[in-house]
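*Asks:* I need the structure of the sequence given here:
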Amino acid sequence: MANGNITEFVFLGLFPGENGKAVGCVLFSLCYFAVLSGNLLILLTIRGSHLGEQPMYLFLSYLSIMDVCFTSTVAPKLIVDQLFKWNTISYNGCMAQMFYAHFFGATEIFILVVMAYDRYVAICKPLRYTVIMNRKVCSALVMASVAGAFFHSLLHVVIIVRLPFCGPNQIDHYFCDVFPLLKLACTDTSLLVIIIITTTGVLSILTFVALVISYIIILSTLRSHSSKGRRKALSTCSSHITVVFMFFLPLIFTYVPMADSVSEDKLFALFYTMIAPLFNPLIYTLRNTDMKNAMRKVWCQDKLLDGN
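*Replies:* I've put the predicted structure just below:
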């Protein structure tokens with residue numbers, strides 16, 4: 001039940017015109033299908049090969065799951081709104097969408113950090129890698145990521161549900177997020193904006209800086225490796241660095257606003273909700289030798305058996 005008189009919200013969306021909505025429906029449907037099929041391909045490849053025994057690819061499989069779940073909290077509703085012009089969402093539905101979007105997004109952030117730690121141990125402490133990154137530790141890191149994301153998203157929902165909504169109910173966005181909802185509250189939210197920027201924006205910046213520093217250390221360590229080992233390590237690290245930049249930079253610009261520009265927020269949000277999950281499977285398959293070899297073995301196995 002909403003605090004105030006508002007029981008539903010109306011999305012203004014991305015495209016104001018009818019022609020733009022038709023084009024957007026087609027584009028977002030194709031992108032969503034590509035996200036589902038690409039990440040499913042990664043999951044099945046890792047499960048059907050020996051890669052699932054390695055911590056890096058175990059974390060990659062969880063990252064693919066988070067990509068699918070994260071995009072699924074936004075894309076289906078967005079596509080339906082473009083197709084049938086149903087731009088409304090109930091108050092409870094809005095709170096649920098915001099919770100799951102922050103939960104899956106934050107879990108993805110923490111898993112990216114865990115993947116960076118895995119690469120640091122593998123390259124900087126190779127002799128102790130199997131001891132440090134054993135199955136029990138990997139499971140604990142994943143569970144810690146999920147727990148941290150749960151409390152992060154719960155904090156945002158608690159902040160919003162305590163606010164009164166008694167005026168306009170039009171959200172200038174395409175999904176329920178914290179800043180657009182704060183602008184509709186019938187009370188002063190300046191302190192809450194600072195809290196959100198501190199908890200999400202500063203956390204994103206600190207995490208991004210920590211990831212950059214970790215990869216600087218990794219790259220400096222690679223200078224002492226052989227050329228073959230250096231190429232293999234760079235193929236995995238470069239994929240991860242690309243994903244980190246694609247996901248974190250739009251997130252930082254969204255939650256550390258330099259100006260009050262909702263249109264730019266919507267554009268940045270499109271990057272980390274749709275575009276980054278779309279390109280993640282391509283990045284990890286095209287730039288990763290182990291993934292490409294595993295895909296050949298898994299998906300060409302039937303053809304090889306038929307040939308024999």
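*Asks:* contacting residues around residue 31?
*Replies:* Residue 31 is in contact with 75, 274, 275, 278, counting by Cβ atoms under 8 Å, 6 or more residues apart in numbering. Yep, even glycine has a C-beta here, placed from its N, CA and C like the rest.
*Asks:* which among those residues gets closest to residue 49?
*Replies:* Nearest to residue 49 among the contacts of residue 31: residue 278, at 23.3 Å, using Cβ to Cβ.
*Asks:* A strand includes that closest one, no?
*Replies:* No. Inclusion of residue 278 in a strand is not indicated when DSSP: H, G, I helix; E, B strand; the rest coil is applied; the result is helix.
*Asks:* And the strands in the stretch 51-200 of the chain?
*Replies:* 88-90, 170-171 (DSSP state E, counting those that start in this stretch).
*Asks:* Now find how far off-centre stretch 78-88 is within its chain.
*Replies:* Between the centre of stretch 78-88 and the centre of its chain there are 23 Å (Cα atoms, centre = their mean, to the nearest Å).
*Asks:* ok, residues contacting that stretch?
*Replies:* 8-13, 15, 21-22, 24-25, 28-29, 32, 174-175.
*Asks:* out of those, who has the most neighbours?
*Replies:* residue 174 (26 neighbours; other Cβ atoms under 10 Å).
*Asks:* correct me, but that residue touches residue 274?
*Replies:* No. At 10.0 Å, residue 174 does not count as touching residue 274 under the criterion of Cβ atoms under 8 Å.
*Asks:* Now do the shared contacts for these two.
*Replies:* Common contact partners of residue 174 and residue 274 (Cβ under 8 Å, 6+ apart): residue 74.
*Asks:* so where's the stretch 201-308 of the chain uncertain?
*Replies:* By pLDDT under 70, the weakly predicted segments of the stretch 201-308 of the chain are 224-226, 228-230, 232-233, 235-236, 256-264, 286-287, 301-308.
*Asks:* gap between the nearest residue to residue 252 once chain neighbours are set aside and residue 185?
*Replies:* Setting aside the residues directly before and after it, residue 252 is nearest to residue 204 in space (Cβ to Cβ, 6 or more residues apart in numbering), at 5.1 Å. Distance of residue 204 to residue 185, computed by Cβ to Cβ, to the nearest Å: 23 Å.
*Asks:* The two: which has the busier surroundings?
*Replies:* Set side by side, residue 204 and residue 185 show more neighbours around residue 204, with 22 against 19, by other Cβ under 10 Å.
*Asks:* Adding mean neighbour count and mean pLDDT, write the strands of the stretch 51-200 of the chain out as TSV.
*Replies:* Putting the strands of the stretch 51-200 of the chain into TSV (neighbours: other Cβ atoms under 10 Å; pLDDT from 0 to 100) gives the following:
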stretch	mean neighbour count	mean pLDDT
strand 88-90	15	90
strand 170-171	18	88
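*Asks:* and residue 298, which of those is closest to it?
*Replies:* Closest approach to residue 298 among these (Cβ to Cβ): strand 88-90, 39.9 Å.
*Asks:* gap between that closest one and the chain center?
*Replies:* Worked out by Cα atoms, centre = their mean, strand 88-90 lies 24 Å from the chain centre.
*Asks:* roughly how far out does the longest helix seen in the chain sit from the chain middle?
*Replies:* Counting by DSSP state H, the longest helix found in the chain is helix 91-124. Centre-to-centre, helix 91-124 and its host chain are 6 Å apart (Cα atoms, centre = their mean).
*Asks:* hmm, back to that, quick one: the strands of the stretch 51-200 of the chain as TSV, columns for distance to residue 49 too.
*Replies:* Output for the strands of the stretch 51-200 of the chain, formatted as TSV (distance: least, Cβ to Cβ, whole Å):
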stretch	distance to residue 49
strand 88-90	41
strand 170-171	44
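*Asks:* out of those, which comes closest to residue 140?
*Replies:* With Cβ to Cβ as the yardstick, what comes closest out of the strands of the stretch 51-200 of the chain is strand 88-90 (36.5 Å).
*Asks:* From residue 41, how far off is the closest residue to residue 47 other than its chain neighbours?
*Replies:* Nearest residue to residue 47, sequence neighbours excluded (Cβ to Cβ, 6+ apart): residue 61, at 7.4 Å. As judged by Cβ to Cβ, residue 61 and residue 41 stand 12 Å apart.
*Asks:* give the contact list for residue 150.
*Replies:* residue 103.
*Asks:* Check the gap between it and residue 90 for me.
*Replies:* 23 Å.
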